[in-house]
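>>> Structure of the sequence below:
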Amino acid sequence: EVQLVESGGDLVQPGGSLRLSCVASGFTFCSFAMSWVRQAPGKGLEWVSVVNSVGDTIRYSDIMKGRFFISRDKAKNTLNLQMNNQQPEDTAVYYCAKNLLHDQEPGYDYWGQGIQVTVSS
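Residues are numbered from 1 along each chain as shown. Model prediction:
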């Protein structure tokens, strides 16, 4: 059974940093690209970032570029998202998602349960 379990969500002040993690199980982690997607209150899903299966190709949404950093640890089957200089508009539920393929083409078949990140003073 495929499982994606996020952790690290919290309340953080504007300008602060937070690190999300997603532990994957039930599939060959190093064979698939992985993504982060978020959903702000009252809005639709917004793609954040993707890393390919081997971790050497990464893309970010323009909104997060330079502030968010995605990484993967194949030894721990873990996907991470380092979020710096966070702003109130980053408030959202963040989801870890397994891509359908090894490359960065969009398309997901499994999602985590989501984790709340709130940026507020």
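>>> In which helix or strand does the most centrally placed residue in the chain reside?
What sits nearest the mean C-alpha location of the chain, by Cα atoms, centre = their mean, is Trp36, with 2.7 Å. Using DSSP states H and E, Trp36 maps to strand 34-39.
>>> any idea where the strands of the protein begin and end?
Remark: strands assigned in the chain by DSSP state E are 3-7, 11-12, 18-25, 34-39, 45-51, 58-60, 68-73, 78-83, 92-99, 108-111, 115-119.
>>> So which elements touch the second one?
Right, the one you point to is strand 11-12. For strand 11-12, the elements it packs on are strand 115-119, judged by 3 or more Cβ pairs under 8 Å, 6 or more residues apart in numbering; DSSP states H and E. All C-beta spots, glycine's among them, are computed from the backbone N, C-alpha and C.
>>> Would you mind pulling the contact partners of the strand holding Trp36?
Under the criterion Cβ atoms under 8 Å, 6 or more residues apart in numbering, residues 20, 22, 24, 45-51, 68, 70, 72, 79, 81, 90, 92-99, 106, 108, 111, 114, 117 lie in contact with strand 34-39.
>>> cutoff 6 Å now
Contacts to strand 34-39, defined as Cβ atoms under 6 Å, 6 or more residues apart in numbering, come from residues 45-51, 79, 81, 92-95, 97, 99.
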